[in-house]
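*Asks:* Next comes the sequence, and after it the predicted model I'd like to discuss.
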Amino acid sequence: MITDIVHIDEKGIDFDSKELEKAASIIQSGGLVAFPTETVYGLGADAKNEEASAKIYAAKGRPSDNPLIVHIADISKLNEAAKEVNEMAKKLADAFWPGPLTLVLPKHDDIPYATTGGLDTVAVRYPSHPVAMALIKKSDRLIAAPSANASGRPSPTLASHVLEDLDGRIPMIIDGGQVGIGIESTIVDCTGEVPVILRPGFITPKMVKDVCGECTIDPGIIANDSSVKPKAPGMKYRHYAPKAPLTIVEGPKEKVVSYINSQLLSGKKVGIIATDETLGNYTGGKIISVGSCDDERSVAHNLYGALRQMDGLDVEVIYSESFETPGLGEAVMNRLLKAAGHQIIKV
Ligand code: AMP
Ligand code: MG
């Protein structure tokens, strides 16, 4: 299969352009289209079409028990994805949609188990990216979409990342440039009495608490071993991983730098994930900065790109500084810890 790449700029989208027409017709006929969202690139298919959903799993090599997120571009469509929408979900949708928040609710009978990984619940999101919205509206479907990477690889923040992983496996990629946030949506389970964060993201527990009065965090995503199973099936997999083994080094900055510098003497080719502030303190290695340590949005924005870039640098081991990002910290460190398979050294 030849993978067609079309460019659609998020500014001034022409709803009748031939690119959008073609993308929508692929979705309508049960095919796959990768598209930009404000979090990461998604790999979309008609959410109510079992065979179309199955194609997503095949293209990504995704385990079949890892459910997809159903994307809408009109709040009224929430009732087509979910059977019941409680007050908690309504409040959260009202506060954060369109935006980087996914709500888990009881699934509508029309959503096949092929889309929900066999679960009776469905994850729904209303993205704010103009290209994502245009594609969903033009195709007039609910679009099931996980991140558009090969399973286990870092999520794509550029169309070229999608091409790297899925070239020849999908018919179309919509290139809308680099995405804004750079890490996946916050997932909130709304099926109980209290909202539960199943995956940390740009929308923080505090933001959810401010809207609902309460908010808890799934113990399965805090535990750094496999003793407690996460409630979002996808969170149990090693994920977001570069090809070379990654170790996080945690501690005071000077000690972190000197530990990593000492590893440069091992004779191995070392990759280093650093910040603008520490960049100049390393005595060797292939160094990538994820931005200023004072700018947590920049760290989120650049993290996956840095992990992917490491794959092109011919390194044998990677060390990353740990990042203190108070607002987003949990989301960023959650992704980094998973990329490292929880390999962490305290200095
Ligand atoms: P991705 O879009 O690739 O980040 O994958 C979707 C994420 O949503 C995975 O971590 C899934 O486990 C999670 N997810 C999707 N549907 C549900 C659901 N019904 N309940 C819990 N988690 C879900
Ligand atoms: Mg993913």
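*Replies:* Nice, I can see it. It should be emphasised that the depicted structure is a prediction, and the values quoted were computed from it without experimental measurement. Ligands and ions are numbered 1, 2, ... in the order given.
*Asks:* So, low pLDDT: which residues of the stretch 151-300 of the chain?
*Replies:* Across the stretch 151-300 of the chain, the ranges flagged by pLDDT under 70 are 223-226, 238.
*Asks:* let's see 80
*Replies:* 222-227, 236-240 (pLDDT under 80).
*Asks:* thinking Lys286 is in contact with Val270, fair?
*Replies:* Yes: with contacts defined as C-beta atoms under 8 Å, Lys286 counts as touching Val270 at a distance of 7.2 Å. Any C-beta I mention is one placed from the backbone N, CA and C, and that applies to glycine too.
*Asks:* shared neighbours, those two?
*Replies:* Contact criterion C-beta atoms under 8 Å, 6 or more residues apart in numbering; residues shared by Lys286 and Val270: Val315.
*Asks:* contacting residues for Pro154?
*Replies:* Residues in contact with Pro154, defined by C-beta under 8 Å, 6+ apart, are His161, Tyr240, Ala241, Pro242, Tyr304, Leu307, Arg308, Ala339.
*Asks:* Lys286 and Val270: which is more packed in?
*Replies:* Per other C-beta atoms under 10 Å, whichever of Lys286 and Val270 has more neighbours is Val270, with 22 against 16.
*Asks:* quick one, phi/psi of the nearest residue to that one once chain neighbours are set aside?
*Replies:* Spatial nearest neighbour of Val270, chain neighbours left out: Gly285 (4.1 Å); criterion: C-beta to C-beta, 6 or more residues apart in numbering. Taking degrees, to the nearest 10, you get phi 80, psi 170 for the backbone angles of Gly285.
*Asks:* Strands along the stretch 51-200 of the chain, start to end?
*Replies:* Under the criterion DSSP state E, counting those that start in this stretch, the stretch 51-200 of the chain contains strands at 69-71, 101-106, 121-125, 143-144, 172-175, 186-189, 196-199.
*Asks:* Out of those, which is closest to ligand 1?
*Replies:* Ligand 1 lies closest to strand 121-125 among the strands of the stretch 51-200 of the chain, at 3.2 Å (C-beta to the nearest ligand atom).
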